[in-house]
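Q: model the following, please.
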Amino acid sequence: MAFFGSASPIEALYTNHHAWLLSWLRRRLGDASDAADLAHDTFVRLMLSSREAAVGEEPRAFLTHVAKGLVIDLWRRRELERAYLDAIAHLPQAHAPSPEAQLLVVEALLQIDRLLAALAPNTRKIFLLAQLDGLTLQQISDQMSMPVITVRRHIHKALVSCMSVLQ
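A: Just a heads-up that it's a prediction; the model follows:
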């Protein structure tokens, strides 16, 4: 709430466009609760960033852009959660992870997903061939038709990126 009659730009944006954004999200998601969460998160993201100045002349287009990113994040998270739950569904109840452990695993998987998505496509592919498929540098070199030294550089770049997350 603004004091002395002067609304901040973010407050004015919220007052003028929150109901519209909520309605837009409700139509896209088909769920009022998810829509309310993402509308809230859209404005929180704006408040926590320096992007408030980027709103410009088309505030609804800007809000839509931010909200679409959050919708994609929500879908990605749900897809990852479903895949994880499917992977552990065969475990006997006594060996199934607790809900808290499941949440921690899903959060870790999301962090890995974001890290991998931030890598260049070739770097990501080479890193995954080495880490998941267990291929040697020479095997990756042959498969990717590139020199071993280039493969080594891509793996090094991916590892540096992974290590930066841990710091």
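Q: might one say that Leu74 is in contact with Asp34?
A: Yes. Between Leu74 and Asp34 there is a contact under C-beta atoms under 8 Å: 6.7 Å. C-beta: built from backbone N, CA, C; applies to glycine.
Q: quick check: longest helix in the protein by residues?
A: Criterion DSSP state H: the longest helix present in the chain is helix 59-88.
Q: quick check: mean pLDDT of that one?
A: Taken as a whole, helix 59-88 has an average pLDDT of 93.
Q: now swap in stretch 137-145 and tell me
A: On average, stretch 137-145 scores 97.
Q: swap in stretch 105-114?
A: Mean pLDDT, stretch 105-114: 90.
Q: okay, it in CSV with CA atoms only?
A: Listed next in CSV are the C-alpha coordinates belonging to stretch 105-114 (Å, rounded to 0.1, in the frame of the first residue of the first chain):
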residue,chain,number,x,y,z
VAL,A,105,15.2,-35.4,-4.7
VAL,A,106,12.8,-33.5,-7.0
GLU,A,107,14.5,-30.2,-6.0
ALA,A,108,17.9,-31.7,-6.8
LEU,A,109,16.6,-33.0,-10.1
LEU,A,110,15.2,-29.6,-11.0
GLN,A,111,18.6,-28.0,-10.2
ILE,A,112,20.3,-30.5,-12.5
ASP,A,113,17.7,-29.9,-15.2
ARG,A,114,18.3,-26.2,-15.0
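Q: that one: how far from the chain's middle?
A: In terms of C-alpha atoms, centre = their mean, to the nearest Å, the centre of stretch 105-114 is found 9 Å from the chain centre.
Q: can you list the buried residues in that stretch?
A: Going by neighbour count (16 or more other C-beta atoms under 10 Å), the buried part of stretch 105-114 is 105-106.
Q: how far out from the middle of the chain is stretch 73-80?
A: Per C-alpha atoms, centre = their mean, the displacement of stretch 73-80 from the mean C-alpha position of its chain is 8 Å.
Q: please apply the same query to stretch 121-133.
A: A distance of 20 Å separates the centroid of the chain from that of stretch 121-133, by C-alpha atoms, centre = their mean.
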